[in-house]
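Colleague: sequence plus the predicted model coming up.
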Amino acid sequence: DAMVIQNPRYQVTQFGKPVTLSCSQTLNHNVMYWYQQKSSQAPKLLFHYYDKDFNNEADTPDNFQSRRPNTSFCFLDIRSPGLGDAAMYLCATSRGRQGAIGEQYFGPGTRLTVT
Amino acid sequence: SQQGEEDPQALSIQEGENATMNCSYKTSINNLQWYRQNSGRGLVHLILIRSNEREKHSGRLRVTLDTSKKSSSLLITASRAADTASYFCATEIQGAQKLVFGQGTRLTINP
């Protein structure tokens, strides 16, 4: 089945130790998103790729970066995780056409713990 | 400021009753979408209603959109215990290529 896969599902890292979360998709969608979601809050968009174009949200900290080496894969790099970065990280995809995006398909998320 | 605001923040009803959640937004949209999220999981798309549509149905779900009031409602009829989840509205803002999510409604169905 076509899907969005996130690895790992649970990640524990130490304060200040770089960590990379990965996302892959078999939907062949051209748009990929990374969201941060803290407990009982709405998902907060960090950035997205529309094809190869990278779009960073204005309030996304510099500590967060992303790479999209090909259509199927997207990575979230946290350079120096702080305790405040502990959250669920959600990857999503959509089919973008003529600037519109339609519905999004989400992966199961990676829960990041910072010790 | 928040694009999407949902009401109520939490709703608890008995199984078999109907559940209604409301969403308001501020700017012009291409469409409005509703998602469900079970605890600790990713979001699942439920329904999309375009800005030129007023009502849409999918199984036990009914969504309305009033663009003059910038509001939408999600009705779940004949609720089941499995409907227990958080429900989020999300708006696709014109020209933005992204969704903006509301704060969500936490729905609890009591058996």
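Modeller: Arrived safely, thanks for sending.

Colleague: which parts of chain B sit against chain A?
Modeller: Neighbours of chain A within chain B, by C-beta under 8 Å from any C-beta of the partner chain: B:4, B:30-31, B:33, B:35, B:40-45, B:48, B:88, B:90, B:92, B:95, B:97-104, B:106. C-beta coordinates here come from the backbone N, C-alpha and C atoms, glycine included.

Colleague: in chain A, which spans are helices?
Modeller: Counting by DSSP state H, no segments of chain A form helices.

Colleague: beta partners of the residue of it found nearest chain B?
Modeller: Using C-beta to the nearest C-beta, residue A:106 is the residue of chain A that sits closest to chain B, at 3.7 Å. Counting by DSSP bridges, residue A:106 forms beta bridges with residue A:92.

Colleague: which helix or strand contains the residue lying closest to residue B:50 once chain neighbours are set aside?
Modeller: Spatially, and ignoring its direct neighbours in sequence, residue B:50 is nearest to residue B:31 (4.8 Å; C-beta to C-beta, 6 or more residues apart in numbering or on different chains). Here residue B:31 is covered by strand B:29-37, with elements defined by DSSP states H and E.

Colleague: what's the local residue count around residue B:9?
Modeller: Residues lying near residue B:9 (other C-beta atoms under 10 Å in any protein chain shown) number 12.

Colleague: same question, residue A:25
Modeller: Residue A:25, neighbours per other C-beta under 10 Å, totals 21.

Colleague: report the contact partners of the residue of chain B found nearest chain A.
Modeller: Per C-beta to the nearest C-beta, residue B:42 is where chain B lies closest to chain A, at 3.7 Å. Going by C-beta atoms under 8 Å, 6 or more residues apart in numbering or on different chains, residue B:42 touches A:4, A:6, A:90, A:92, A:106-109.

Colleague: measure it to residue A:88 for me?
Modeller: Counting by C-beta to C-beta, to the nearest Å, the gap from residue B:42 to residue A:88 is 9 Å.

Colleague: and chain A, which residues reach chain B?
Modeller: So far as C-beta under 8 Å from any C-beta goes, chain A lies against chain B at A:4, A:6, A:31, A:33, A:40-43, A:45, A:48, A:50, A:55, A:88, A:90, A:92, A:96, A:99-109, A:111.

Colleague: redo that, cut-off 10 Å
Modeller: Contact residues (C-beta under 10 Å from any C-beta of the partner chain) of chain A with chain B: A:4, A:6, A:9, A:31, A:33, A:35, A:37, A:40-45, A:47-48, A:50, A:53, A:55, A:57, A:88, A:90-92, A:94, A:96, A:99-109, A:111.
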